[in-house]
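S.K.: sequence first, predicted coordinates after that:
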Amino acid sequence: MPEHLPRCFYRRDPVTVARTLLGQKLVHIVHGQRIGGIIVETEAYLGIADKAAHSYGGRRSPRNATMWCDGGYCYVYFTYGMHHCANVVAGRPGEPVAVLLRALEPVEGIDTMQTLRGRRQDLCAGPARLCQALAVDRSLDGIDLVTSDHLFIERQRRQVYPPSKIVAAARVGVDYAGTWARQPLRFYLVGNPHVSRR
DNA sequence: AGAGTGATCATG
DNA sequence: ATGATCACTCTC
């Protein structure tokens, strides 16, 4: 039986959360219908020291306030005037670290995803694409994935993927972050066709 | 490779 | 108030 990932899953360092999130299922229930997919690509953002993170240097604002919440909260931001991206907050309260969800393998509500995306392919291969496919926007910012009944992550596989099944690479779109841009903080499943930037 | 798009935030 | 930026996507 599927169950929500518990608080302790999220209250760990963001790299561990990013790696163990691979293979779990993100679900959004809209108008009683389940829309969801298996997480196949993530990126870890390491907080105050991480030049690529929204919380770099201790920055705290209405936009990124959720990053300071307890592990398990959902941080959704709006960017480029048209795109939403969804993160899972990791660590403990006051520790602004998070994991960006970059790609899913579509599993439930695929027809609805196609309608929301206006496409048949590439439904969830990219952080803004998956938000569009799952109808995730800023109204879901600050939701607790551990206790919510309409946005959560279901434990799909009990055992974690071994390092040999996970590629660690540089994060996407953070070239401005200097040395931090080079860190291998992007994780995806080896050979998975639903990963972004194939 | 370039355009689109507007909230957000650091300046002042 | 103003201007630069942006954890992206689509189309060419």
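M.R.: Arrived safely, thanks for sending.
S.K.: contacts, neighbours, all on C-alpha from now
M.R.: OK.
S.K.: the closest residue to A:Leu151 other than its chain neighbours - how many residues pack around it?
M.R.: Once flanking residues are discounted, A:Leu151 sits nearest to A:His28: 4.6 Å by C-alpha to C-alpha, 6 or more residues apart in numbering. The number of residues packed near A:His28 is 22, by other C-alpha atoms under 10 Å.
S.K.: same question for A:Thr66.
M.R.: A:Thr66 has 25 neighbours, counted by other C-alpha under 10 Å.
S.K.: from the chain's centroid, how far away is the least confident helix or strand in chain A by mean pLDDT?
M.R.: Taking mean pLDDT, DSSP states H and E as the measure, the helix or strand of chain A with the lowest value is helix A:179-182, at a mean of 94. Put simply, helix A:179-182 sits 20 Å off its chain's centre (C-alpha atoms, centre = their mean, to the nearest Å).
S.K.: who's in contact with A:Arg120?
M.R.: A:Gln114 (C-alpha atoms under 8 Å, 6 or more residues apart in numbering).
S.K.: what ranges do the helices span in chain A?
M.R.: Assigned by DSSP state H, chain A shows helices spanning A:7-10, A:14-21, A:110-117, A:127-133, A:179-182.
S.K.: so which elements touch the third one?
M.R.: Going back to what we said before, that points to helix A:110-117. strand A:33-45, helix A:127-133 (3 or more C-alpha pairs under 8 Å, 6 or more residues apart in numbering; DSSP states H and E).
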